[in-house]
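Asks: Fold the following, please.
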Amino acid sequence: MSSVSEGRFRSSSVPLITPGHPRTPLRTTLRTDDGVRIEAVYEPCTADAGAAAETSFDGTAIVVAHGFTGSADRPAVRRAAGVLGRRAAVVTFSFRGHGGSGGRSTVGDREVLDLAAAVRWAPALGHRRVVTVGFSMGGSVVLRHGALCKGRAGVSAERGGRIEAYEGVHAEARADAVVAVSAPARWYYRGTAPMRRLHWVVTRPVGRLVGRCGFRTRIDHNDWDPVPLSPVGAARLIAPAPLLIVHGDQDPYFPLDHPRMLAEAAGDGAELWLEHGMGHAENAADESLLSRIGDWVAAR
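Replies: The predicted model follows:
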C-alpha cells in the first residue's frame, strides 16, 4: 500500500457553504489531496439552546473516523454521531474503499488524507475548533493525523526505523483535540484470532474478494511502501493538543498493552480510560461512553 509523503497535506477541493452554522444536515462529496472522492455528512448540534450556547456554538465540530469495514451510514456510526451531536456538530465520512467513497482501502495509510479533507470541511462550515474521534483503524488514523497536522513545521517523527522531518504541516487540517477508541499501538499485530483473520482478508486475493463481497470494502492489493508512522510513534507527537485514549478490557482485537503503550508514549499529554466489559470500537461503544466522550470534548 503506497504511502504519501507524510505531512504534505495540500489544499483539497472542499465545497464552501454560506457563512454561519447550517441548521440542517448536509451531505457532500469531498476530494482528497490524492484525488479520491470521499462521501461526508454534516449534522448540526441537537442540544437545546442553553446547552448549545455552551458547546456547539463556540465553534466546535467533532469529526468521526470509523473502523475498518465501516462507513458513514453504518448503524453504529450513526448512533455515535447522534450521541456526540448532543454536545457539538458532527461530521461523519466514509474512508476510501468504504461505503459510497471512491478508491480502495489502504487500511490506515492514505486514509489520513481522507480525514484531513473532512477536518478541512468543518472550518468551511463556520467551525473554529475541530476534535477528531476515531475507532479502531480510524483511531490509528486520528493519531497519525494529530501528529502530522499540527500547524507548524519541523516536526520530527520516527517512521520505518528512521527519524524523519515533516515540514510544511498545514494548520488548516489541524485537530484541536484527539480521541482514539480501540486503536492499535503498532502495525502488523497478529496476536489475536480476529487480527489473524483480518490480515488474511487484507493480504490474500481470496480474502480481498471476501472483503469486497461480504463486507463491501474494496482493499488495495499493494504493500505499504514506505511503512507509515506507527500509532505509538504518532502518540508521542500529538502534544500540546489534548489526547484521550479509550479501550475496552474485553477487546477481542487488541489487548490492553496497546492502549497502555499509547498512553506511555504520549506522557502527560494523554488521558487513558480502560472500560470494564467493553469490546471493540464503535460497535461496542454504548451511549454512556459516547456521552462521556462528548463531555470530554466539550470540557476541552
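Asks: Enumerate every residue touching L115.
Replies: L115 is in contact with V63, A65, F93, T132, G134, G138, V141, V142, H145, counting by CB atoms under 8 Å, 6 or more residues apart in numbering. From N, CA and C alone the C-beta is placed, and that goes for glycine too.
Asks: The residue lying closest to the third one once chain neighbours are set aside: what's it in contact with?
Replies: Leaving aside its sequence neighbours, F93 sits nearest to A40 (CB to CB, 6 or more residues apart in numbering; 4.0 Å). Taking CB under 8 Å, 6+ apart as the criterion, A40 is in contact with R27, T28, T29, L30, A72, V91, T92, F93, S94, A117, A118, W121.
Asks: ditto for H98
Replies: Taking CB under 8 Å, 6+ apart, one finds H66, T69, G70, S71, S105, R216, T217, R218 in contact with H98.
Asks: Now, of those residues, which are buried?
Replies: When the contacts of H98 are checked for burial by 16 or more other CB atoms under 10 Å, the buried set is H66, T69, G70, S71, S105, T217, R218.
Asks: residues in contact with the first one?
Replies: Taking CB under 8 Å, 6+ apart as the criterion, H66 is in contact with A72, R74, V77, T92, S94, F95, H98, F135, M137, G138, E282.
Asks: From E271, how far off is the second one?
Replies: Taking CB to CB, to the nearest Å as the criterion, R74 is separated from E271 by 27 Å.
Asks: coming back round to it: among the contacts of A40, which pair sits farthest apart?
Replies: R27 and A117 (14.6 Å; CB to CB).
Asks: Neighbour count: the two, which is higher?
Replies: Neighbours per residue (other CB atoms under 10 Å) separate R27 from A117, with A117 holding more: 22 against 13.
Asks: Send me the helix or strand containing the more buried one as CSV with only the CA atoms.
Replies: Using DSSP states H and E, A117 sits within helix 111-124. What follows is helix 111-124, C-alpha atoms only, in CSV (Å, rounded to 0.1, in the frame of the first residue of the first chain):
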residue,chain,number,x,y,z
GLU,A,111,-6.7,7.3,5.0
VAL,A,112,-5.0,10.2,6.8
LEU,A,113,-5.8,12.2,3.6
ASP,A,114,-9.4,11.3,3.9
LEU,A,115,-9.5,12.5,7.5
ALA,A,116,-7.7,15.7,6.6
ALA,A,117,-10.3,16.5,3.9
ALA,A,118,-13.1,16.0,6.4
VAL,A,119,-11.3,18.1,9.0
ARG,A,120,-10.9,21.0,6.5
TRP,A,121,-14.6,20.9,5.7
ALA,A,122,-15.5,21.9,9.3
PRO,A,123,-14.0,25.5,9.1
ALA,A,124,-15.8,25.9,5.7
